[in-house]
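Undergrad: The sequence and its predicted three-dimensional model are supplied below.
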Protein chains: 2
Amino acid sequence: MAAVQDTDMSDLAIASRAVLAPISRIAEAAGIPDAALEPYGKYKAKIDPALLPSGTQRGKVVLVSGMSPTPAGEGKSTMVVGLADALAATGTKTMIALREPSVGPSFGMKGGATGGGQSQVLPMDEINLHFTGDFHAITSANNLLMAMLDNHLQQGNALGIDPRSITFKRVLDMNDRALRHVVIGLGGTANGVPRETGFEITAASEVMAVFCLATGLADLRARLGRITVGYTYAKAPVTADDLGAAGAMALLLKEAIKPNLVQSIGGTPALIHGGPFANIAHGCNSAIATNTARALADVVVTEAGFGTDLGAEKFMDIKARYAGCPPDTVVIVATVRALKMHGSVPKEELGTENVEAVRAGLPNLERHASIIAKFGIKPVIGINRFTTDTDAELEAVTSWAEQQGIACAVADVWGHGGAGATELAATVLRAIEEPGNFAPLYELEQPVEDKILALVREIYGGEGVEYSAKARRMLQQINGNGWSHLPVCIAKTQYSFSDDPQLLGAASGFTVQVRELIPKTGAGFIVAITGALTTMPGLPKVPAAVHMDVDEQGNAIGLS
Amino acid sequence: MAAVQDTDMSDLAIASRAVLAPISRIAEAAGIPDAALEPYGKYKAKIDPALLPSGTQRGKVVLVSGMSPTPAGEGKSTMVVGLADALAATGTKTMIALREPSVGPSFGMKGGATGGGQSQVLPMDEINLHFTGDFHAITSANNLLMAMLDNHLQQGNALGIDPRSITFKRVLDMNDRALRHVVIGLGGTANGVPRETGFEITAASEVMAVFCLATGLADLRARLGRITVGYTYAKAPVTADDLGAAGAMALLLKEAIKPNLVQSIGGTPALIHGGPFANIAHGCNSAIATNTARALADVVVTEAGFGTDLGAEKFMDIKARYAGCPPDTVVIVATVRALKMHGSVPKEELGTENVEAVRAGLPNLERHASIIAKFGIKPVIGINRFTTDTDAELEAVTSWAEQQGIACAVADVWGHGGAGATELAATVLRAIEEPGNFAPLYELEQPVEDKILALVREIYGGEGVEYSAKARRMLQQINGNGWSHLPVCIAKTQYSFSDDPQLLGAASGFTVQVRELIPKTGAGFIVAITGALTTMPGLPKVPAAVHMDVDEQGNAIGLS
């Protein structure tokens, strides 16, 4: 979510006034040969990684994560863009790698995911709408698998699939709560086999997670084939390959899997590709985009969803493992407002100076820094300055960081773009000079329960884990099917280290409740669900869509 | 459907070997300035009509229609492409305007809709898959309207919508019969208001019909707003504008509404845009594409779905009326195989010479020619030659046409592309030299029943119309709501002039049963449903998707 700041100009207005370079010029400057460039309009293009010059270049990875977020938003994407512009301004060959926004939520309440203010990737309206159609291709591939599954039931069910055991669902990129729980196949024998199911939002599809972890077309095809859709009456898993669907799914994704090139307001090339949920999936842009950016630039600035306990942990234990792209440093985005919330200031009073509350919130930030250190990486704290922050409040953070020996810099990327992140860029460049000592938190061979316990104790600061009866049954099934070697992806509230969203600051001593364990055998991880989880959002009473329109020249109105 | 011929090479193989010109070169030759060109990859582009040179150029319209089709397919799209290539070869500035294929059916049985053999538009695989994303944008706009409608019910239903009266449905571009009849909104108060509904395929969406009849962005926005989604408890219609959804829907369509430029194997520029059903909608490419092509070329070759009784009639009574693009001639595509089927030869024996059966089928073709004449237009019969046709069979048709005084030529567009349609092109050029005397069949002010009776008597050759009790109630509602001035769009079997698909040849004396009347107030017509109608196809026992895949270079396998 683009962090909202007080201003006369909306992000859309700022974006509309920016002067963009033709995408061929951006590509040329990034070292992308014309043969590899597939333009989508004048300012977007897909890049075919197979047609890039082969070489050994592997740029360093700067991962932007954050402290435990607040509903106001900390501006991580904005920081990615501003920091990258600042790095590029030093003469460092820099590339941005970000997730694609989901269009559904923009019709509800959520703003776009293209940064904000002077630190945006452009063209903002097109990226936030259909962009190059990747989400649509993923929706189609997901729903083809489901149409083929229900057709298999209709045509005699030769595989003996138990319709009550089907776990895979259809998806739409839409906030549509009325589709959460549905009964399909009604209307008599010509119209399918009746069963209970539901729809999820496209970002929550396992096809999206597969898309984002695949390292190439062959890996994509293989992962799609391994997706488990349900079980037979004999409890054997049924995969997309069993249904003969994975080839056609890969065909639907063959263009989408190429990363999308755009530019920041500052002219830095950006690959925006893939957008999985950060709870039931790993929450980062595609592995192909990250590795393509590394092949082209010396420094790649990328982002992981939510705080270090969720996004950064998953980046390191899931994505870096599969895609071979460990971070060289992690920037922890902090805001004075979030520190004050973790220091117990109610949302309405965040605009008032309160140095004590800032200090009271620092343990949350400290915990995030220590999480990064556990992976053998030195963090950098990047304070995203808001217009309401006072010098005394900012000083409280920077002097604390100095005492702790943690690199830290204040940046005003919203107001000034790259020019507002000069000091942060210098700090980041120093941090990535030192060779890192990266190691994931756990070994894949450990039992699933040990991996979860390691995450709860070492990352979240909790004491133990309790499993529901359902989770225990699922654990047995996972072990019995030979899936226990997969990494774990924990779906947990982003607002607290614990599984209780009300427990702010640096909670400790708690027990995490695992309600369900869901094997995602295509993506290649096991989701552990703690607390409530919605995979299909709803619209609010007055949806943002009500204020959207086009003017007579075809310009967007009301996007944010 | 691409008509299947005996050959060693599939359409995909022929398409893959064709050498394409860069789309910028095709655009330049077509007189499209660079500013109006938005490339989508190297061989596809969107054209912004607002950025074309303004002028008074209005190219002539050659509408390709057909005799009553048979399950084998008569190759209308193939004829459009071959004829256009032949016209271009005479030095005539020619442009093709065709519908976009729906991707869903290609995973079932149906082949693509990009022509066949040497008469194809390219890149075949991309056009048949996501193309430039127009179908996806239409799916999103349709489903946003539905999400906002169900959200309205959930948030208190201020408009007083009767959930049992909602006629609008969600759509997917997928053959998915299990979604025909569903119950949504289950799972308790947080998850919507339970109600019965269903999904249709995207091509059947009223948003698609709106998209294809809109003459510009403002007209699109206005038509979207007029879509009726259902009725209040007080029986008043509820529109997309009442829900505040039409602006955001237009925003989702603002790029899609620009026509797509591609090329034929022969290098003729082609606008491929919009793809509505030919039964519950009017079955032609977008009005914007037709009029853009007319502004650029001297002759535009375009197509209407099914036979003259359906597609051509709707082109003239609906599309030409709204978009101001009456045809200058209509080419009626005929095949020896179809004539034999109408002459009572079973499908298995169509490969055997049978001149008598050809003659016995001619009354069907004669009826189609007379239908075109009723609109003040002189038809041209174009015989699409198949490899199994004998000279004696072809001669039986051409000599009959000469006796009747109907222009006629044989073309082998599948095997030879434009070179196979030289004589047909010359015949068409002669036909469009004479000024036409076009008039639609009925006046809008006539009562709905009179319009339907005029169609049944003058076009279908029937005697009368019977209305079901339901259709009578709907007629009252249509008259009461002031919608009786809309043109009529009849959903009828394409295989017969009557509403009985078994009644081949030139049926007459029958009565047409109208089961339902559905007002499409956004598109601007009233659908009269006769016989059974499926708006969501299913997959066969072994879907074509099972044989699809990508190779290691990312090439499509198994598309047809």
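TA: Alright, I've got the coordinates. This is a predicted model, so every value here is computed, not measured. Numbers count the residues shown, from 1 in each chain, chains lettered A, B, ... in the order given.
Undergrad: CA only for contacts and neighbour counts going forward, please
TA: OK.
Undergrad: low-confidence ranges in chain A?
TA: Applying pLDDT under 70 to chain A flags the ranges A:1-8, A:110-112.
Undergrad: A:G59 is in contact with A:A297, isn't it?
TA: Yes. Assessed by CA atoms under 8 Å, A:G59 is found in contact with A:A297 at 5.5 Å.
Undergrad: The residue lying closest to A:V546 once chain neighbours are set aside sits in which helix or strand?
TA: Closest residue to A:V546 apart from its sequence neighbours, by CA to CA, 6 or more residues apart in numbering or on different chains: B:G244 at 5.0 Å. Secondary structure assignment for B:G244, by DSSP states H and E: no helix or strand.
Undergrad: before we move on, what about A:E196?
TA: Here A:E196 is assigned to strand A:195-197, by DSSP H and E.
Undergrad: That strand vs chain B: in contact?
TA: No. Applying CA under 8 Å from any CA of the partner chain, one finds strand A:195-197 separated from chain B by no less than 9.3 Å.
Undergrad: Following element in sequence after that strand, please.
TA: strand A:199-201.
Undergrad: Determine the set of other helices and strands touching the strand holding A:E196.
TA: Strand A:195-197 is packed against strand A:182-184, with contacts defined by 3 or more CA pairs under 8 Å, 6 or more residues apart in numbering or on different chains; DSSP states H and E.
Undergrad: and the residue lying closest to A:D85 once chain neighbours are set aside, helix, strand or coil?
TA: Excluding the flanking residues, the one nearest A:D85 by CA to CA, 6+ apart is A:G418, at 4.5 Å. Here A:G418 is helix, with the state taken from DSSP: H, G, I helix; E, B strand; the rest coil.
Undergrad: what separates A:G418 from A:G66, distance-wise?
TA: 19 Å (CA to CA, to the nearest Å).
Undergrad: returning to that earlier point: got the phi/psi numbers for the residue nearest to A:V546?
TA: Dihedral angles of B:G244 (phi, psi; degrees, to the nearest 10) stand at phi 70, psi 20.
Undergrad: what does the one 4 residues further on give?
TA: According to degrees, to the nearest 10, the main-chain angles of B:A248 amount to phi -70, psi -30.
Undergrad: Hmm, it is touching A:N555, no?
TA: No. Look at B:A248 against A:N555 with CA under 8 Å: they stay out of range, at 12.0 Å.
Undergrad: Counting neighbours, go ahead and name the busier of the two.
TA: B:A248 (26 against 12; other CA atoms under 10 Å in any protein chain shown).
Undergrad: so who does that one touch?
TA: By CA atoms under 8 Å, 6 or more residues apart in numbering or on different chains, the contact list for B:A248 reads A:545-550, B:141.
Undergrad: redo that, cut-off 7 Å
TA: A:545-546, A:548-549 (CA atoms under 7 Å, 6 or more residues apart in numbering or on different chains).
Undergrad: Helices of the stretch 51-200 of chain A, start to end?
TA: A:76-89, A:124-128, A:134-154 (DSSP state H, counting those that start in this stretch).
Undergrad: returning to what we had before: didn't the residue nearest to A:V546 look like it was pressed against A:P543?
TA: No. The pair B:G244 / A:P543 is not scored as a contact, 9.3 Å apart, by CA atoms under 7 Å.
Undergrad: Centroid-nearest residue for chain A?
TA: A:G283 (2.6 Å; CA atoms, centre = their mean).
Undergrad: buried set for the helix or strand where A:A396 lies?
TA: Using DSSP H and E, A:A396 sits within helix A:391-404. Buried positions in helix A:391-404, judged by neighbour count with 16 or more other CA atoms under 10 Å in any protein chain shown: A:393-394, A:396-398, A:401.
Undergrad: Could you find which two of these are furthest from each other?
TA: A:E393 and A:A401 (13.0 Å; CA to CA).
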